[in-house]
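>>> below are the sequence and a predicted model; questions follow.
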Amino acid sequence: MDEFRRVSTRLPSGSFPPDDVDEPVVPGSVGDVVAGAAADEAAAAEARRRFQSERMASLGPDPAITPLLAPGEEVLAVRRSVGFERRLASPGNVSAGRGDLYLTSARLVLLGQTTFAIGLDEIEEAMLSGGRLLLVLHDGAGMSLELERPLLLRVEIATARAAARS
């Protein structure tokens, strides 16, 4: 059975029909994208409020990341199946793939076909563009991450960076 969402639709004449109409929800539709972005904004706003008064909670590390953690390093957030494109400062040096992304108290670690880490102190800028989280590093390298709730991850990275500096 198809799912339906109540929506108010403007007619071509510019007027509205007398009652709301039911329209099918199309996966990946503009409505889904807008709803996902709104949920991301709400989660990020809530995280900002929460992290003003309390530190990020440490997650128990899973077996994949445990051997890579330094003593005292904590896992703060995990995102599964993150698409990435990594550009090093030298021209033409690009790698891309998919993997699990771990935000720790000291770095971002991506585990997939390619495993690499970026120190939180290496990140110069984190911004959103087209639903992706873009990271610019001090050495001119950069990374594009495709994941759910990129704005929330941006807040989590900023919080972890601030805690690492203090």
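Yep, it's here. Residues are numbered from 1 along each chain as shown.
>>> which helix or strand contains residue 48?
For residue 48, the host element (DSSP states H and E) is helix 30-53.
>>> list the helices and strands that helix packs on?
For helix 30-53, the packing partners by 3 or more CB pairs under 8 Å, 6 or more residues apart in numbering; DSSP states H and E come out as helix 150-165. The C-beta positions use only the backbone N, C-alpha and C, and glycine is treated the same way.
>>> next, the angle from the helix it packs on to helix 30-53.
Between the axes of helix 150-165 and helix 30-53, defined by axes from the mean of the first three to the mean of the last three CA atoms, to 10 degrees, the angle is 20 degrees.
>>> neighbours of residue 62, just the number please.
As a burial measure, residue 62 scores 12 neighbours (other CB atoms under 10 Å).
>>> tell me the pLDDT at it?
At residue 62, the model reports a pLDDT of 91.
>>> returning to what we had before: now the helix holding residue 48: average pLDDT?
So the average pLDDT for helix 30-53 ends up being 75.
>>> in that helix, which residues are buried?
Residues of helix 30-53 classed as buried by neighbour count (16 or more other CB atoms under 10 Å): 40, 44, 47, 51.
>>> doesn't residue 125 make contact with residue 158?
No. Here residue 158 does not reach residue 125: they are 10.8 Å apart, not a contact under CB atoms under 8 Å.
>>> neighbour-wise, which of those two wins?
A count of neighbours by other CB under 10 Å puts residue 158 above the other of residue 158 and residue 125, at 16 against 10.
>>> nearest residue to that one in space, ignoring adjacent ones along the chain?
residue 126 (7.0 Å; CB to CB, 6 or more residues apart in numbering).
>>> any idea how this structure splits into domains?
Annotated domains of the chain cover 4-52, 58-165 [automatic domain parsing].
>>> deepest-packed of those domains, please.
Highest mean neighbour count among these (mean count of other CB atoms under 10 Å): domain 58-165, with a mean of 16.
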